[in-house]
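A.B. asks: Structure for the following, please:
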Amino acid sequence: MFSASGPTAASTQESPIPLDTVTAVGTRLLPGLSGQTRAVEVLDRDRIESLPARTIAQVLDWALAVDVLARSPAQADISIRGSGFEQVLVLIDGVPVSDPQTGHFDMDLALPLDQVERIEILRGPASSQYGTDAMGGAVNVVTRAAAQSLAGRVEGGSFGTLAGSLGGGIGVASVRLAAGGGFSRSDGHREGTDYRVSQLQVRAEAPLASGDVVAQVGQSWKDFGAADFYAPYPSYEETRTTRVSTWWRRLLTDAIEFKPRFYLRRHRDHFILDRQNPEFYANSHLSSQVGAEAVIRHRGSSRLKWVVGGSFGHELLESSNLGDRSQDRWAVFGEAVTSLGPIMLSAGLRGDAHQGYALVTSPSVSATAWLRSLRIRGSFGGSFRAPNWTERYYEDPYNRGRADLKPERSWTSEIGADLWATSDISMSLTAYRRRAVNLIDWARDEDGGEDTPWQTRNVESATFRGLEATLNVSAGEANVSIQGSVASLTGDHVEGFVSKYALRPLVRDLVAMAGRSFGPVKGHLSAKHRRRQGEAGYWLLDMRLGIPIRVGEFYLDLLNGLDVEYQEVTGVPAPGRSLILGFRSGQRR
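C.D. replies: Below you'll find the predicted structure:
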């Protein structure tokens, strides 16, 4: 997992400024250290509840340099720093949940938003920690531990939207249980985008054999209209996602921790190309993942900290379109961190053996230096991604894969600075460069017309450059956050093709958020300006007004308040202005 934190006592002994900090769990390898040297953003529970969002994808849409291509609340793709949606790794409590068939299913998380404690976003390569898929970055969703009271939510609004959730926890002897479920339905913002979504999460924690064990089970059911999502047809889709994970943590000595982990994920998808004519074209897919990992971590107070581990994963696919497939993955990894006064150095290396492809090594190095309340950081790392089954074997009247695709490879360098000017003012600046070779893209000839199929291909090389900046200010009951990024893309053999995903990066991104209380009313205003490569920019304005009462809070959400017309995905219109009225009960921990 990841960490974003301000100066610690050890690192800023000369600084007279008392600084508030936000500390997440840390990286999966060395807790509490990743945010010291990398660009990390943490969306905590307060931020999540202030946003007019009802899905994890909608929360991510307000993070810096994160582009959410949301066809509807039932389906969304995630991009970070101009990456393709296949190049972002998604995890729940550090367990990978990205789908081996296609990244379109990565956000089928089997986890209600109300059961999320925080969302950690690592911008930049993470293959040295997590292996394949983490080229643009990684998103780690941290679940909530057991609470001692019930909490619920009910809401309704535009487009025939209705939603509700219920969750809570209980302690039985030394076992702590937490469970929560959610349901939502809508007629959709345009014909053929109706949906019904149900999600359930159960979590148990208990002491075991001088350690602690955590087990989780999640389930998701999604039925939704997919008109024009993948082809110009009134399509329909049903998905079912099951997620199981468990891990045990034990201190072998005061400084050495042992943590084995096991996980299982199954995803079923049934897709109908033409909802009015189901016999015309349909396909079904069932993908399964099972994996195990063991980590030994040194967490002592000495200057040198280290971690070593290994993992294994087996993936299966039963598909009416792609055939029956299977593949294995093995990995060994390690990382070490040392501190030399105000300077911290980190180095990591991972080797991945992906069935059907050669052994791939992913190194990373990073460093940070403190100058009172100023932190300077830099990093360099390699990452890779093997083509998935859809990119290699999928075929329908409008999309065709290629079995001879090569794996993607990229190298990213980054430098940044974070400044805590006062206890109420902080700012940061980050510059990066990512060069990718054999980039996988869905594209078609720009002169071919709408009936020309999208086909996968390898782009020989593409270079992404970007600059990111943030400013956070708190003043009494008011707080303001402004963050923005600019990016550019240059590539070989790009001219003459229309890109569906990978070569449509977000090149301008400005997000401004302000929150303030006006007597009993709490207000939160969110505005953003975005422009993708080769497209016109647009502004969006969202707002949440809340009125707390003794047993909960009434709230009113205004979405796309300017009623802007824009496209989330090529050729797919996004929702216009809408209103949601809701009530939530229960107290946060």
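
A.B. asks: Helix, strand or coil: sort out the residue nearest in space to the middle of the chain for me.
C.D. replies: Geometric centre of the chain, nearest residue: Val139, 3.3 Å, by CA atoms, centre = their mean. Using DSSP: H, G, I helix; E, B strand; the rest coil, the secondary structure recorded for Val139 is strand.

A.B. asks: Which strand residues bridge it?
C.D. replies: Note on Val139: beta-bridge partners Val90, Ile121, judged by DSSP bridges.

A.B. asks: wouldn't it be in contact with Leu60 here?
C.D. replies: Yes - assessed by CB atoms under 8 Å, Val139 is found in contact with Leu60 at 6.7 Å. C-betas here are computed from N, CA, C, even on glycine.

A.B. asks: Quick check: neighbours shared by these two?
C.D. replies: The contact sets of Val139 and Leu60 overlap at 78, 119, 121 (CB atoms under 8 Å, 6 or more residues apart in numbering).

A.B. asks: between the residues you listed, which is nearest Asp404?
C.D. replies: Comparing these against Asp404 with CB to CB places Ile78 closest, at 27.3 Å.

A.B. asks: Name all residues that make contact with the closest residue to the closest one other than its chain neighbours.
C.D. replies: Distances taken as CB to CB, 6 or more residues apart in numbering place Val88 nearest to Ile78, at 4.9 Å, with adjacent residues excluded. Counting by CB under 8 Å, 6+ apart, Val88 makes contact with 78-80, 98, 103, 106, 133-139.

A.B. asks: In JSON lines, list the residues you listed along with distance to Val214 and pLDDT.
C.D. replies: Below are the contacts of Val88 laid out as JSON lines (distance: CB to CB, whole Å; pLDDT from 0 to 100):
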{"residue": "Ile78", "distance to Val214": "25", "pLDDT": "91"}
{"residue": "Ser79", "distance to Val214": "31", "pLDDT": "90"}
{"residue": "Ile80", "distance to Val214": "27", "pLDDT": "92"}
{"residue": "Ser98", "distance to Val214": "21", "pLDDT": "89"}
{"residue": "Gly103", "distance to Val214": "27", "pLDDT": "85"}
{"residue": "Asp106", "distance to Val214": "23", "pLDDT": "90"}
{"residue": "Asp133", "distance to Val214": "24", "pLDDT": "84"}
{"residue": "Ala134", "distance to Val214": "23", "pLDDT": "86"}
{"residue": "Met135", "distance to Val214": "29", "pLDDT": "87"}
{"residue": "Gly136", "distance to Val214": "29", "pLDDT": "88"}
{"residue": "Gly137", "distance to Val214": "25", "pLDDT": "90"}
{"residue": "Ala138", "distance to Val214": "20", "pLDDT": "91"}
{"residue": "Val139", "distance to Val214": "20", "pLDDT": "92"}
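
A.B. asks: could those residues be laid out in CSV, adding distance to Ile56 and secondary structure?
C.D. replies: Formatted as CSV, the contacts of Val88 follow (distance: CB to CB, whole Å; DSSP: H, G, I helix; E, B strand; the rest coil):
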residue, distance to Ile56, secondary structure
Ile78, 10, strand
Ser79, 15, strand
Ile80, 14, strand
Ser98, 14, coil
Gly103, 15, helix
Asp106, 11, coil
Asp133, 18, coil
Ala134, 18, coil
Met135, 21, coil
Gly136, 17, coil
Gly137, 15, strand
Ala138, 14, strand
Val139, 9, strand
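
A.B. asks: for the residues you listed, which one is nearest Val197?
C.D. replies: Among those, and counting by CB to CB, the member closest to Val197 is Asp106, at 15.7 Å.

A.B. asks: hey, where'd the helices end up in this protein?
C.D. replies: Ranges of helices within the chain are 34-37, 45-50, 56-60, 127-130, 389-393, based on DSSP state H.

A.B. asks: Tell me how many other residues surround the nearest residue to Asp133 once chain neighbours are set aside.
C.D. replies: In space, and not counting its chain neighbours, Asp133 is closest to Leu89: 4.4 Å by CB to CB, 6+ apart. The burial count assigned to Leu89 is 29, neighbours taken as other CB atoms under 10 Å.

A.B. asks: Pull the contacting residues for Leu89.
C.D. replies: 96, 98, 126, 130, 132-134, 137-139.

A.B. asks: wait, isn't Gly156 in contact with Leu581?
C.D. replies: Yes - using CB under 8 Å, Gly156 is in contact with Leu581, at 6.5 Å.

A.B. asks: Which positions within stretch 544-562 qualify as buried?
C.D. replies: Residues 544-546, 552-553, 555-561 are the ones in stretch 544-562 that count as buried (16 or more other CB atoms under 10 Å).

A.B. asks: Mind checking which of the residues you listed are in strands?
C.D. replies: Within the buried residues of stretch 544-562, residues falling in strands by DSSP state E are 544-546, 552-553, 555-559.

A.B. asks: can I get those residues in JSON lines with pLDDT and distance to Gly309?
C.D. replies: Below are those laid out as JSON lines (pLDDT from 0 to 100; distance: CB to CB, whole Å):
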{"residue": "Arg544", "pLDDT": "96", "distance to Gly309": "42"}
{"residue": "Leu545", "pLDDT": "95", "distance to Gly309": "47"}
{"residue": "Gly546", "pLDDT": "94", "distance to Gly309": "44"}
{"residue": "Gly552", "pLDDT": "92", "distance to Gly309": "43"}
{"residue": "Glu553", "pLDDT": "94", "distance to Gly309": "43"}
{"residue": "Tyr555", "pLDDT": "96", "distance to Gly309": "43"}
{"residue": "Leu556", "pLDDT": "97", "distance to Gly309": "48"}
{"residue": "Asp557", "pLDDT": "97", "distance to Gly309": "43"}
{"residue": "Leu558", "pLDDT": "97", "distance to Gly309": "47"}
{"residue": "Leu559", "pLDDT": "95", "distance to Gly309": "43"}
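
A.B. asks: before we move on, back to that, out of the helices of the chain, which comes closest to Tyr236?
C.D. replies: Nearest to Tyr236, of all the helices of the chain, is helix 389-393, at 18.4 Å by CB to CB.

A.B. asks: Just give me how far that closest one sits from the chain centre.
C.D. replies: With CA atoms, centre = their mean, to the nearest Å as the basis, helix 389-393 stands 23 Å off its chain's centre.

A.B. asks: next one: stretch 389-399
C.D. replies: Stretch 389-399 has its C-alpha centroid displaced from the chain centroid by 25 Å (CA atoms, centre = their mean).

A.B. asks: which residue sits closest to Gln289, ignoring its sequence neighbours?
C.D. replies: In space, and not counting its chain neighbours, Gln289 is closest to Arg265: 4.5 Å by CB to CB, 6+ apart.

A.B. asks: Report the beta-bridge partners for that neighbour.
C.D. replies: For Arg265, the beta-bridge partners under DSSP bridges are Arg243, Gln289.

A.B. asks: same deal with the one 4 residues further on?
C.D. replies: With DSSP bridges applied, the residues forming beta bridges to Asp269 are Thr239, His285.

A.B. asks: Now for Pro278: which residues touch it?
C.D. replies: Ile272.

A.B. asks: Local confidence estimate at it?
C.D. replies: Looking at Pro278, its pLDDT is 92.

A.B. asks: quick one: it from Asp108, how far?
C.D. replies: To Asp108, Pro278 is 22 Å away according to CB to CB, to the nearest Å.

A.B. asks: re earlier: would you single out the least confident of the helices of the chain?
C.D. replies: Mean pLDDT is lowest for helix 34-37 among the helices of the chain, at a mean of 62.

A.B. asks: for the stretch 51-200 of the chain, what are the low-confidence residue spans?
C.D. replies: Along the stretch 51-200 of the chain, segments meeting pLDDT under 70 span 146-148.
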